[in-house]
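Trainee: generate coordinates for the sequence data below:
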Amino acid sequence: MTEILAHHGLLTDTKLHVDDTGGTGRPVVLIHGWPLSGEAWNHQVPAFEAAGHRVVTYDRRGFGRSDKPLTGYSYDDFADDLQAVLEALDLRDVTLVGFSMGGGEVARYLAKFGDERVHSVVFASAVPPYLLKTPANPDGPLEAGEAAKMTAALTANQESFYDDFITTFYSVDGTLVVSEAERRAAIELTEQAFKPAALQAMAAFANTDFRDDLQAVKVPTLVIHGDSDATVPFEGSGLRTHEAIADSELHVVADAPHGVNVSHAEEWNRVVLEFLNR
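Mentor: Below you'll find the model as predicted:
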């Protein structure tokens, strides 16, 4: 465990909590989803480390054990934070794995910083290319009215909102497909989220258009997504990302919710490790 200082402006230096298994294996950076933390990868870290990889997770600013500034929640800020982690640990030949909103970090990072340090990337249940449905993005899976309802519900009662959100996160057709213990563990991670950060990050992942960013993805790419994802629907996100990135690989997990890396951890780990080991 370490803390890395990310620099944004004169008064907004932010410490990021980072967990690093160390070792000499090819590094993998796991970027968590909203509104969780790096601890959400507990089904992946031991498996990837056992396969010989150096595994790094970090808590996004405003979440988990990282600092929680009042501002700085755009995808440019998040990409800068990722670069700070890679530079501080001197990570090279790395695979970036972005889950859900973390896929936005991957896309924006490559567009902003290039792939000098990057070997390959994984978009896992990820929000690109553009969630919000607009006249210019008619295939966006998130209606503006639904986004407004989410913002209002989180503002009014975060405990109730997170309880419902996490249930949907791990459900298929309204049925929870993980244990209650797993659901409760995720809810505990949401309790570490700073509400202003959660609201600003929600606006960022809903409203950021990554279509141009995806054109910068030239490294080997895996898109992995559950076919029953009710949070970030596959057809409007993972499928479109796969179609936008030339030569990308696609793996669709059958009967899997948004939190497929937990509900179908064995299949998810096998597929991603096969990709990592090429």
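
Trainee: wait, doesn't Met202 sit right on Thr151?
Mentor: Yes. Here Met202 reaches Thr151: they are 6.5 Å apart, a contact under Cβ atoms under 8 Å. For every residue, glycine as well, the C-beta is placed using N, CA and C.

Trainee: so which of the two has more stuff around it?
Mentor: Met202 (18 against 15; other Cβ atoms under 10 Å).

Trainee: where's the more buried one, which helix or strand?
Mentor: For Met202, the element it lies in under DSSP states H and E is helix 195-207.

Trainee: same question, Gly98
Mentor: Element membership of Gly98, judged by DSSP H and E, is strand 94-99.

Trainee: I'd like the next helix or strand past that strand.
Mentor: Where DSSP H and E defines the elements, the next helix or strand beyond strand 94-99 is helix 102-113.

Trainee: tell me which residues in that next one are buried?
Mentor: Within helix 102-113, the residues scored as buried using 16 or more other Cβ atoms under 10 Å are 102-111, 113.

Trainee: which of those residues lies closest to Leu189?
Mentor: When the buried residues of helix 102-113 are compared for distance to Leu189 (Cβ to Cβ), Gly102 wins out at 14.0 Å.

Trainee: distance check, the closest one against Ser228.
Mentor: To Ser228, Gly102 is 20 Å away according to Cβ to Cβ, to the nearest Å.

Trainee: what does Gly145 give?
Mentor: Gly145 sits 23 Å away from Ser228, going by Cβ to Cβ.

Trainee: these two: who's more crowded?
Mentor: Using other Cβ under 10 Å, the more surrounded residue of Gly145 and Ser228 is Ser228, with 20 against 9.

Trainee: and that one, what does it touch?
Mentor: Contact analysis of Ser228 by Cβ atoms under 8 Å, 6 or more residues apart in numbering lists 172-173, 255-257.

Trainee: the residues you listed: which two are farthest apart?
Mentor: Asp173 and Ala256, at 11.7 Å, using Cβ to Cβ across the contacts of Ser228.

Trainee: between those two, which one's more packed in?
Mentor: Ala256 (24 against 9).

Trainee: go ahead and confirm that one touches Ala230.
Mentor: No. Taking Cβ under 8 Å as the definition, Ala256 is not a contact partner of Ala230, at 10.8 Å.

Trainee: what sits in contact with each of these two?
Mentor: Common contacts of Ala256 and Ala230, defined by Cβ under 8 Å, 6+ apart, comprise Val172.

Trainee: out of everything not next to it in sequence, what's closest to His32?
Mentor: Leaving aside its sequence neighbours, His32 sits nearest to Ala40 (Cβ to Cβ, 6 or more residues apart in numbering; 4.8 Å).

Trainee: ugh, typo on my part, it should be Ser248
Mentor: Per Cβ to Cβ, 6+ apart, closest to Ser248 is Thr221, 4.0 Å.

Trainee: tally of neighbours for that neighbour?
Mentor: Using other Cβ under 10 Å, Thr221 is surrounded by 23 other residues.
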